[in-house]
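In: what's the 3D shape of this:
(one chain, ligands or ions: 2)
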Amino acid sequence: MSYQEAYNYATSNPKEFWKEQADQLPWFTKPNDIVDTSEHATGRWYSDGEMNTCYMALDHHVANGRADQVAIHYDSPVTNTKQSLTYAQLLEQVAKFAGALRAQGVEKGDRVVIYMPMVMEAAVAMLACSRLGAIHSVVFGGFAAAELAVRIDDAQPKAVVTASCGIEVAKVIAYKPLLDEALELAQHKVGSVILLQREQLVAELQPGRDLDWQAVYEAAVPTEAVPVKATDPLYVLYTSGTTGKPKGVMRDNGGHAVALNYTMNAIYGMDAGDVFWAASDVGWVVGHSYIVYGPLIAGCTSILYEGKPVMTPDAGAFWRVIEEYKVKAIFSAPTAFRAIKKEDPNGELLKNYDLSSLVTVFMAGERLDPPTYEWAIDTIGRPVVDHWWQTETGWSICANPQGLDNLPAKPGSSTVPIPGYDLHILADDGQPIGANEKGNIALKLPMPPGFMMGVWGDPQRLHDSYLADFPGYYTSGDGGYRDDDGYVYIMGRTDDVINIAGHRLSTGEMEEVVGGHPLVAECAVVGIQDELKGQMPLALVLLKAGADTTDAVLAKELASMLRATIGPIAVMKQAHIVQRLPKTRSGKILRKIIRNIANGEDYIVPSTIDDPASLDEIAALIAPK
Ligand code: COA
Ligand code: AMP
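Out: Ligands and ions are numbered 1, 2, ... in the order given. Sure thing, here's the model as predicted:
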């Protein structure tokens with residue numbers, strides 16, 4: 001089926017289209033009720049279907065000829081370790097670890113927080129939760145204790161699964177003290193902590209609460225895959241919104257499995273048996289969808305890589321992995337390729353490797369800027385596909401769908417909406433906008449399978465955060481336009497979400513931290529363009545009366561506060577003391593204009609501005625020279 005045929009089919013007859021996709025999977029009870037919008041405008045998919053995601057990802061393949069195929073290759077240049085588990089071996093480990101969780105009282109519907117580095121056991125723990133019908137909530141290892149505590153309080157887990165340490169290039173990051181601090185900070189009391197000891201750093205266990213992974217694993221009885229309803233939650237993944245409180249994006253089992261299985265072929269062009277590598281982290285949605293669930297449900301071989309694109313040991317790391325495991329498609333963030341380009345601009349290291357298995361390079365997580373796109377095409381010599389998606393959708397909204405058609409690419413565009421998404425560009429008043437004009441990117445309801453079911457613990461927040469701005473539409477929070485051919489260009493967030501090196505963070509949350517500095521009276525944090533990391537935060541600060549400090553001292557102090565509170569990924573280098581912040585007469589800080597000034601972009605001074613001269617002061621400090 002061509003892209004256009006598939007798109008028209010999914011638009012004109014969504015029930016039939018998504019029923020056919022559901023029929024590809026091994027359900028315990030096949031769904032008849034394909035989509036229901038009576039209670040939820042975004043749609044509830046397959047509500048009378050019964051299944052188990054882990055069963056679809058593992059048991060089904062073991063029973064159908066894939067027992068000896070490698071399910072996951074773990075490759076860790078930072079520990080010099082490699083391990084390949086076949087589908088049968090992975091199933092054995094997952095069934096046993098599910099038994100270990102069950103022995104701790106974890107059952108269907110219970111939450112388990114997973115705070116782990118990129119080790120095979122992270123995937124085992126996720127799949128074990130799904131086997132039990134328990135709900136996992138993976139927290140990215142680069143978050144500090146306070147962030148972990150917020151998530152623990154919100155998810156209220158029965159157990160936490162962790163490791164003694166992570167390894168960042170050559171640095172050993174002790175996880176246990178971070179977890180101990182988080183458990184101390186959290187109100188919620190966790191029943192048990194299961195900790196994987198790594199030889200790089202052995203953690204001390206707290207008797208009565210902490211359990212050794214190996215010990216509980218050995219004592220465990222393997223468990224069956226527990227049937228769940230398609231609409232039961234599989235996981236909660238916290239993501240940054242515009243406020244300080246992260247949103248627990250809650251995803252179902254059935255729609256998620258169907259959508260991922262569809263995308264593995266339609267978008268990524270993968271067939272069962274192919275090797276797919278998402279060079280991301282299990283702490284992000286990309287890792288959930290395309291390191292763990294998508295490739296396994298589709299019967300592919302996945303790679304779990306504990307390393308960086310550079311420094312582990314060099315900028316040839318990606319090419320080494322592609323050659324070694326015969327990777328057919330790689331998926332990573334533009335920032336990773338910019339890091340490689342910086343180290344090895346002429347792609348000299350690439351010449352040492354055989355990349356003949358590689359068909360396509362996929363990028364997402366932030367805007368793929370045309371220079372990086374051109375460099376990647378020229379250097380790697382393969383189609384480079386920019387595709388746009390969000391934690392909320394769980395899979396890409398726009399892409400050049402390699403399994404349907406390889407459409408002519410346009411630099412700067414993430415090509416076209418995928419079947420299932422009805423994309424519109426709307427003005428701030430909700431009116432549709434014509435071709436080539438920038439506006440808010442919105443998706444007409446209902447949403448396709450795999451879209452978030454809601455915000456964990458806060459049923460109203462899905463509506464308030466995403467559906468209230470434009471009735472009948474999901475507001476993506478991204479701005480952009482479509483050209484005359486219908487190609488979509490994503491130009492960046494219209495809200496206070498920032499993307500640093502592919503890591504989604506909230507400037508609102510950063511403002512809370514900056515505002516906590518003893519000398520700061522008021523502040524604004526905005527995301528500005530950065531050549532390597534895509535975006536970086538910049539703080540404008542109004543000092544308390546009588547406070548005496550300098551930009552440089554303040555920047556250093558704020559950077560360490562952000563690191564301690566949010567985590568090392570919240571990198572900030574620039575802070576400026578100002579006499580006033582640009583505001584409207586009603587007192588709203590004009591953050592968008594600050595962003596425009598810092599990025600050297602045009603802007604219109606609103607008539608509601610209180611003090612136009614404040615813009616001159618700021619421009620002198622932050623406008624590109
Ligand atoms: N656990 C603990 N610390 C972490 C961490 C983790 N999981 N991930 C990052 N950090 C730390 C880093 O060690 C670094 O600490 P430092 O300041 O002490 O050196 C800090 O957080 C900033 O890390 P990062 O933003 O990753 O910058 P970097 O300079 O170390 O690396 C890149 C730059 C481009 C190589 C790296 O950001 C990268 O590979 N990005 C791709 C991200 C990605 O795949 N995103 C998923 C979307 S598809
Ligand atoms: P996350 O939820 O962490 O995946 O981050 C989602 C956000 O990252 C989106 O809302 C976009 O702002 C940005 N993003 C992801 N993919 C792309 C892309 N291909 N082009 C532009 N921005 C992107």
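In: List the contacts of whichever helix or strand residue 560 is part of.
Out: Here residue 560 sits within helix 551-565, counting by DSSP states H and E. With C-beta atoms under 8 Å, 6 or more residues apart in numbering as the test, helix 551-565 has contacts from 144, 146-147, 510, 513-514, 516-517, 519, 537, 539, 541, 570-577. Any C-beta I mention is one placed from the backbone N, CA and C, and that applies to glycine too.
In: Go again with 6 Å.
Out: 144, 146, 513-514, 539, 570, 572, 575-577 (C-beta atoms under 6 Å, 6 or more residues apart in numbering).
In: For residue 74, see how far away the residue of the stretch 301-450 of the chain found nearest ligand 2 is.
Out: When distances are taken as C-beta to the nearest ligand atom, the stretch 301-450 of the chain reaches nearest to ligand 2 at residue 391, 3.4 Å away. For residue 391, the distance to residue 74 equals 24 Å [C-beta to C-beta, to the nearest Å].
In: coming back round to it: same question for the helix holding residue 560: list its buried residues.
Out: By 16 or more other C-beta atoms under 10 Å, the buried positions in helix 551-565 come out as 554-555, 557-559, 561-563, 565.
In: Heading C-terminal from that helix, find the next helix or strand.
Out: Next along from helix 551-565, by DSSP H and E: strand 574-577.
In: quick one on the thing from earlier: ok, the residue of the stretch 301-450 of the chain closest to ligand 2 touching residue 249?
Out: Yes - Residue 391 is within contact range of residue 249, at 5.1 Å (criterion: C-beta atoms under 6 Å).
In: who's more crowded, these two?
Out: Taking other C-beta atoms under 10 Å, residue 391 and residue 249 do not tie; residue 249 has more neighbours (25 against 19).
In: same for the helix or strand that the more buried one is a member of, what does it pack against?
Out: Assigned by DSSP H and E, residue 249 falls within strand 247-252. Judged by 3 or more C-beta pairs under 6 Å, 6 or more residues apart in numbering; DSSP states H and E, the packing partners of strand 247-252 are strand 233-239, strand 454-455.
In: Go through the ones you listed and name the closest to ligand 2.
Out: It's strand 233-239; of the helices and strands packed on strand 247-252, that one is closest to ligand 2 (C-beta to the nearest ligand atom) at 5.2 Å.
In: Write out the residues of the stretch 301-450 of the chain neighbouring ligand 1.
Out: Residues of the stretch 301-450 of the chain that fall close to ligand 1, judged by C-beta under 6 Å from any ligand atom: 308-310, 332-333, 335-336, 339, 364-365.
In: Next, the contact list for residue 407, please.
Out: 400, 415.
In: Distance of it relative to residue 400?
Out: Counting by C-beta to C-beta - residue 407 and residue 400 are separated by 5 Å.
In: Next: residue 289.
Out: 18 Å.
In: repeat for residue 391
Out: 22 Å.
In: Check residue 275 too.
Out: With C-beta to C-beta as the criterion, residue 275 and residue 400 are 21 Å apart.
In: Show the subsequent helix or strand relative to the helix ranked longest in the chain.
Out: Counting by DSSP state H, the longest helix found in the chain is helix 87-103. Once helix 87-103 ends, the next helix or strand along the chain (criterion: DSSP H and E) is strand 111-115.
In: ok, is the very next helix or strand once past that following strand in contact with ligand 1 or not?
Out: Sequence-wise, the next helix or strand downstream of strand 111-115 (DSSP H and E) is helix 120-132. No - on the criterion C-beta under 6 Å from any ligand atom, helix 120-132 is out of touch with ligand 1, staying 11.0 Å away.
In: Quick check: mean pLDDT of helix 120-132?
Out: For helix 120-132, mean pLDDT rounds to 98.
In: list the helices and strands it packs on?
Out: Going by 3+ C-beta pairs under 6 Å, 6+ apart, helix 120-132 lies up against helix 53-54, helix 87-103.
In: Provide a list of residues in contact with residue 43.
Out: Contacts of residue 43 (C-beta under 6 Å, 6+ apart): 35, 37, 446-447.
In: residue ranges with poor pLDDT in this protein?
Out: For the chain, applying pLDDT under 70 flags the ranges 244.
In: Show me which residues of it are close to ligand 2?
Out: Counting by C-beta under 6 Å from any ligand atom, the chain sits next to ligand 2 at 239, 284-285, 364-368, 386-391, 414, 477-478, 490, 493, 499, 504.
In: Quick check: nearest residue in space to residue 367, chain neighbours excluded?
Out: Counting by C-beta to C-beta, 6 or more residues apart in numbering, the nearest residue to residue 367 once its immediate chain neighbours are dropped is residue 490, at 6.0 Å.
In: er, residue 571 actually
Out: Using C-beta to C-beta, 6+ apart, the closest residue to residue 571 is residue 500 (6.1 Å).
In: Show me what the one you found bridges to in the sheet.
Out: residue 503, residue 534 (DSSP bridges).
In: what number of residues lie near it?
Out: Residue 500, neighbours per other C-beta under 10 Å, totals 20.
In: circling back to that earlier point, how about CSV for the contacts of helix 551-565, with neighbour count and distance to residue 424 added?
Out: Formatted as CSV, these follow (neighbours: other C-beta atoms under 10 Å; distance: C-beta to C-beta, whole Å):
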residue, neighbour count, distance to residue 424
144, 19, 39
146, 17, 38
513, 23, 36
514, 25, 36
539, 29, 35
570, 25, 33
572, 23, 35
575, 26, 39
576, 16, 38
577, 18, 42
